[in-house]
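>>> no sequence for this one, just the structure:
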């Protein structure tokens, strides 16, 4: 078990005024068997009243509505947690067996799976480790070549991407092999932003693996949200009215 302090902030700046802004934040870490949240505060600016709910995947959702004109939305969390990945989560859902919007394979990704499945043997842990090793040799970690809309098939075609892309590709391959897998968004030792990794179902519990760093998940990782893919785990979602043409997002995180 390890005690960690965490901090995460996002600053959304619009190039013109917006109004009628409904948003949903998945930014408060959940209480689970592997992490006990000792403290967590959420600050939102401009101030707005919010409601707390839990979605179908067990994520904490903070919903709010900003009626008046504004050009930014800032939010941050800070707190502390005790993390112990020697314990196990057992919140299995059958939907994690099936391909989703971001993980659906194309012919190239299916062909790649067929080329490795003969060597991909053993337990679910053996297979996840083997595929992660292969991806570390096949995919180059490179920023600014993909974005949050990039699918596993698109990133695999590029042979480049970031943690989100590594996670989607690994999930796609595991699901092709009949192993339930889910996308995790959170904070980790390696990033100044949010990070993503994968949990796979062993048969009786979830285990975490970080394909972007090709390593098991340790007590240096805090889960913020989970789901079938990035779409279920997006830190912030919103709809609004206005003449803006773009938004600038500045993200910073610290895990100590």
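That came through, no problem. Small disclaimer: the values here were computed from a predicted structure and weren't measured.

>>> for residue 146, see how far away the spatially closest residue to residue 45 that is not a sequence neighbour is.
Leaving aside its sequence neighbours, residue 45 sits nearest to residue 74 (Cβ to Cβ, 6 or more residues apart in numbering; 4.5 Å). Using the backbone N, CA and C atoms, a C-beta is placed for each residue, glycine as well. Between residue 74 and residue 146 the computed distance is 26 Å (Cβ to Cβ, to the nearest Å).

>>> got it, and residue 75?
In terms of Cβ to Cβ, residue 75 sits 25 Å off from residue 146.

>>> does residue 34 touch residue 81 like I think?
No. When contacts are counted by Cβ atoms under 8 Å, residue 34 is not listed as touching residue 81 (9.9 Å).

>>> about what we covered before: for residue 74 and residue 146, indicate the residue with more neighbours.
The residue with more neighbours, out of residue 74 and residue 146, is residue 146; 18 against 14, by other Cβ atoms under 10 Å.

>>> can you tell me which residues contact the closest residue in space to the more buried one that isn't next to it in sequence?
For residue 146, ignoring the flanking residues on the chain, the nearest one in space by Cβ to Cβ, 6+ apart is residue 161 at 4.7 Å. Listed by Cβ atoms under 8 Å, 6 or more residues apart in numbering, the contact set of residue 161 reads 139-142, 145-146, 150, 155, 169.

>>> mind running it again at 10 Å?
By Cβ atoms under 10 Å, 6 or more residues apart in numbering, residue 161 lies in contact with 139-143, 145-147, 150, 152, 154-155, 167-169, 212.

>>> give me the buried entries from those residues.
Neighbour counting over these (16 or more other Cβ atoms under 10 Å) leaves 139, 146, 150, 152, 154-155, 167-169, 212 as the buried ones.

>>> farthest pair in these?
The most widely separated members of the buried ones among the contacts of residue 161, counting by Cβ to Cβ, are 154 and 212 (16.6 Å).

>>> Provide the strand pairings for the lengthiest strand in the chain, with the direction of each partner.
Criterion DSSP state E: the longest strand present in the chain is strand 2-25. Counting by DSSP bridges, the strands paired with strand 2-25 are strand 60-66 (antiparallel), strand 70-83 (antiparallel), strand 236-242 (antiparallel), strand 247-255 (antiparallel).

>>> distance of residue 243 relative to residue 73?
17 Å.

>>> out of the two, which sits in the more crowded spot?
Neighbour count, other Cβ under 10 Å: between residue 243 and residue 73, residue 73 has more, with 25 against 9.

>>> contacting residues around the more buried one?
10-14, 18, 21, 23, 25, 44-46, 48, 64, 66, 236, 238, 240, 247, 249.

>>> repeat the analysis, applying 6 Å as the threshold.
residue 12 (Cβ atoms under 6 Å, 6 or more residues apart in numbering).

>>> can you give me phi and psi for the residue most central in space within the chain?
Per Cα atoms, centre = their mean, the C-alpha nearest to the average position across the chain is that of residue 185, at 2.3 Å. With angles defined as degrees, to the nearest 10, residue 185 sits at phi -110, psi 140.
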